[in-house]
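[1] Quick check, what structure comes out for this input:
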Amino acid sequence: MIDKHARVYVAGHRGMVGSAIVRALTARGYDNLIVRTSNELDLRDNRQVAGFFSETRPEYVYLAAAKVGGILANSTLPAEFIYDNLAIQTNVVHQAYLHGVKKLLLLGSSCIYPRDSPQPMKEEYLLTGPLEPTNEWYAVAKIAGIKMCQAYRRQYGCDFIAAMPTNLYGPNDNFDLHHSHVLAALIRRFHEAREQGSSPTLWGSGTPRREFLHTDDCAEACLFLMDRYSDPMIVNVGAGEEISIANLAALVAEVVGYRGDIHWDRTKPDGMPRKLMDCSRMTSLGWRPRIALREGLMDAYAWYQGHIGARHD
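    Now for the predicted structure:
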């Protein structure tokens with residue numbers, strides 16, 4: 001177990017996952033957390049990152065900082081997605097090694113797996129086939145981060161591990177329609193449609209199946225792994241259940257209170273036809289999620305209403 005007074009750096013503490021990790025650590029009594037905003041510390045700048053590690057000397061690092069987004073963002077900003085994520089990971093992992101960090105946890109994504117990967121997706125399926133083209137830039141960067149952690153573990157003996165969460169949602173999600181993931185986009189579209197009396201048009205056919213995990217569950221998994229896991233093999237972190245995008249849209253509409261029509265633009269891409277994580281490795285360690293999808297959606301929508309929805313009403 002990590003000492004409650006240890007210096008713990010959470011990279012990306014304002015993001016959805018990073019903020020959840022900070023909440024979880026604080027709730028458990030960790031009292032020496034280190035955080036920096038992107039204005040205070042540009043993780044893409046190696047000199048800044050080196051200076052930060054030299055000054056603060058973190059003992060443990062949660063690497064949750066990343067440039068993230070949905071299909072549209074990945075398709076229109078490929079250079080930014082691959083450059084920003086490669087730079088962030090390279091700088092943080094290397095400086096963690098140079099400054100003797102005791103343990104580092106890198107957060108990846110389920111999009112690292114091949115487009116036509118057998119389902120549910122096992123950790124061993126990494127690099128066994130072509131990636132989904134709509135998010136390959138982010139996936140390639142995350143795969144590089146995984147391999148970097150494994151390389152530093154092999155060559156230098158660093159206790160660097162990597163967790164692969166499934167699709168996440170919850171407080172502090174990005175609800176920008178041009179850069180958000182599917183669930184956040186659905187919440188905003190249905191909220192605005194209800195307020196404006198309009199009918200939303202959603203991308204694709206609605207047939208792809210996805211798995212969703214509340215960010216607070218993801219944070220609990222991260223703390224669990226930091227305490228109890230030390231191995232080069234990546235670990236899937238998921239909910240163990242999947243839902244079609246069409247059924248998800250219906251559920252979100254119900255939670256938001258939208259009762260109108262839903263239109264589908266089949267000229268838009270669907271992404272991977274199915275993404276379900278095999279989380280048997282994680283559950284065998286003794287961890288399971290606790291927040292059901294409907295309960296989590298109600299929490300996410302309440303946060304949206306309190307922080308963002310009022311601005312657009």
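[2] does E295 count as helix, strand or coil?
    In the three-state summary, E295 is assigned as helix, counting by DSSP: H, G, I helix; E, B strand; the rest coil.
[3] which one in this protein is furthest away from the centre?
    Computed with CA atoms, centre = their mean, the residue of the chain farthest from its C-alpha average is G197, at 32.4 Å.
[4] how about the nearest residue to that residue, chain neighbours excluded?
    Computed as CB to CB, 6 or more residues apart in numbering, the closest residue to G197 that is not its neighbour in sequence is G260, at 7.9 Å. The C-beta positions use only the backbone N, C-alpha and C, and glycine is treated the same way.
[5] Look at the one you found and report its pLDDT.
    G260 is assigned a pLDDT of 95 by the prediction.
[6] now do the one 10 residues further on
    pLDDT recorded at D270 is 85.
[7] tell me the secondary structure for the residue nearest to G197?
    coil.
[8] Just read off the phi/psi values of it.
    phi -90, psi -160 (degrees, to the nearest 10).
[9] Okay, it and L177: tell me how far apart.
    18 Å (CB to CB, to the nearest Å).
[10] which residues in the stretch 51-200 of the chain form helices?
    Using DSSP state H, counting those that start in this stretch, the helices of the stretch 51-200 of the chain run over 71-76, 78-98, 136-156, 182-196.
[11] who's in contact with S198?
    E192, G260 (CB atoms under 8 Å, 6 or more residues apart in numbering).
[12] at 10 Å what do you get?
    Residues near S198 by CB atoms under 10 Å, 6 or more residues apart in numbering: R189, E192, Y258, G260, D261.
[13] so which of the helices of the stretch 51-200 of the chain gets nearest N247?
    helix 182-196 (11.4 Å; CB to CB).
[14] Check R311 and give its pLDDT.
    pLDDT, R311: 56.
[15] S180 too?
    At S180, pLDDT is 76.
[16] burial count for it?
    22 (other CB atoms under 10 Å).
[17] Also M272?
    22.
[18] Where does it fall, secondary structure wise?
    Assigned by DSSP states H and E, M272 belongs to no helix or strand.
[19] list the contacts for the nearest residue to it once chain neighbours are set aside?
    Excluding the flanking residues, the one nearest M272 by CB to CB, 6+ apart is E132, at 4.6 Å. Going by CB under 10 Å, 6+ apart, E132 touches 71, 74, 111, 113-117, 139, 269-273, 275.
[20] pLDDT wise, what is E132 at?
    At E132, pLDDT is 89.
[21] contacting residues for G145?
    63, 66, 85-86, 88-90, 92-93, 106-108, 112, 160, 162.
[22] And the strands in the chain, which stretches?
    8-11, 33-34, 60-63, 103-107, 160-165, 167-169, 201-203, 209-210, 212-214, 235-237, 243-244, 263-265 (DSSP state E).
[23] distance between the second one and the chain's centre?
    It refers to strand 33-34. Put simply, strand 33-34 sits 20 Å off its chain's centre (CA atoms, centre = their mean, to the nearest Å).
[24] Which secondary structure elements does it sit against?
    Judged by 3 or more CB pairs under 10 Å, 6 or more residues apart in numbering; DSSP states H and E, strand 33-34 is in contact with strand 8-11, helix 16-27, helix 46-56, strand 60-63.
[25] Note down every partner strand of it and its orientation.
    strand 8-11 (parallel) (DSSP bridges).
[26] quick one: which of the helices and strands packed on strand 33-34 is nearest T166?
    Of all the helices and strands packed on strand 33-34, helix 16-27 comes closest under CB to CB, at 12.1 Å.
[27] I'd assumed C222 was in contact with L105.
    Yes - contact criterion CB atoms under 10 Å: L105 and C222 qualify, at 5.9 Å.
[28] quick one: common contacting residues for those two?
    Common neighbours of L105 and C222 (CB under 10 Å, 6+ apart) are I21, Y62, A64, I161, A163.
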